[in-house]
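# take this sequence and fold it.
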Amino acid sequence: MSSDGAVYEGVKVALTEAAGNGAKSALEKTEITDSDGEFTFTGVPPGPFKLTLTSTGFVTKTIAGRLGAGQSFETQEIVLPVAEATTEVKVSASTVEIAEEQLHFEEQQRVLGVIPNFYVSYDHDAAPLTTRQKYSLAWRSNIDPFTWLVTAGFAGVEQAENTFSGYGQGAQGYAKRYGANYADSFIGTMIGGAVLPSLLKQDPRYFYKGTGTVRSRALYAIANSVVCKGDNGRWQFNYSGILGSFAAGGISNLYYPASDRNGPALTFEEGVIGIGSSAVGNLLQEFVVKKLTPKTPKYPAP
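Predicted coordinates:
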């Protein structure tokens, strides 16, 4: 019966010999309570025994006794307390949620606490980015105040050296140089960091190695200017980064001064510069940048 006095049918009652010292019981019988909540065992040999009552939703109860030769044993009312309800909940994050959390940390990475260091993952097995996350990372990089500041600096140097003389001098010349530099950065980042990686299912980030010999790490960094990790986790030719560099160089022909538009030559030059810059940047990432980036997340070594 239950603790509230109700009689329950279908309770499983197991009868075993109360063997000691871990010995296996030679006596094993099972009965199910009837509609009156009763059960009966026959042919039970004399000696110590144990009754175990179990039913779904109730606490298991055990009763021990001893049966003498020629005796019968009648149990008193057995109350089974209701078991406390327990629910097991397994919580697991989806790949998209994991990537979002990792991206959140990456967008806080700044060299010396100032310079954006968004396009490096210190988790060698980081979750792949979705298309939305790739565009978000590219946009976040392009609108960062430091990007504007660096662009202003490059435009100032070009103004002082009269680079791209077709732009002229004065405020108008500086504005054109600033716009061209920012366009180079914006287009290159969007095409090489978002558009092509989304279309080709490739990851635009550099995956920090951090282990091995100096030579192996240097070769790894340089190789990552022409290879990248795909969204499937496999290494492959970096079509996104390389085509992005050449595409940015080709588009720049639209806004550079006519006298400085060398057509294919400028496109090739911009593309090669982009690949070379990537190799140099990767070497800095592998050996220098992490030491200067505070509060980088800790991940297991690859």
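# pLDDT at the residue sitting nearest the centre point of the chain, what is it?
Central residue of the chain (C-alpha atoms, centre = their mean): Ile98, 3.3 Å from the mean position. Per-residue pLDDT puts Ile98 at 91.
# how about it, secondary structure?
helix (DSSP: H, G, I helix; E, B strand; the rest coil).
# output the lowest mean pLDDT helix or strand found in this structure.
helix 264-284 (a mean of 78; mean pLDDT, DSSP states H and E).
# can you name the next helix or strand after it?
Note on helix 264-284: by DSSP states H and E, the next helix or strand toward the C-terminus is helix 290-292.
# buried set for that next one?
Residues Lys290 are the ones in helix 290-292 that count as buried (16 or more other C-beta atoms under 10 Å). C-beta: built from backbone N, CA, C; applies to glycine.
# now do the contacts for the closest residue to Tyr208 other than its chain neighbours.
In space, and not counting its chain neighbours, Tyr208 is closest to Tyr122: 4.9 Å by C-beta to C-beta, 6 or more residues apart in numbering. Listed by C-beta atoms under 8 Å, 6 or more residues apart in numbering, the contact set of Tyr122 reads Tyr208, Gly210, Lys290, Thr296, Pro297, Lys298, Tyr299.
# pick the one among those residues closest to Glu106.
Distance to Glu106, by C-beta to C-beta, is smallest for Pro297 among the contacts of Tyr122, at 8.6 Å.
# now the nearest residue to Ala69 once chain neighbours are set aside: how far from Glu31?
Among residues not flanking Ala69 along the chain, Pro46 sits closest, at 4.5 Å (C-beta to C-beta, 6+ apart). Spatial separation of Pro46 from Glu31 under the definition C-beta to C-beta, to the nearest Å is 19 Å.
# returning to what we had before: which of the contacts of Tyr122 has the weakest pLDDT?
Checking pLDDT across these, the minimum falls on Tyr299 at 68.
# so what's the gap between stretch 225-237 and the chain middle?
Distance of stretch 225-237 from its chain centroid, counting by C-alpha atoms, centre = their mean, to the nearest Å, is 17 Å.
# now for Lys50, how many residues are close by?
16 (other C-beta atoms under 10 Å).
# that's a strand at it, yeah?
Yes: assessed by three-state DSSP, Lys50 belongs to a strand.
# cool, thanks, signing off.
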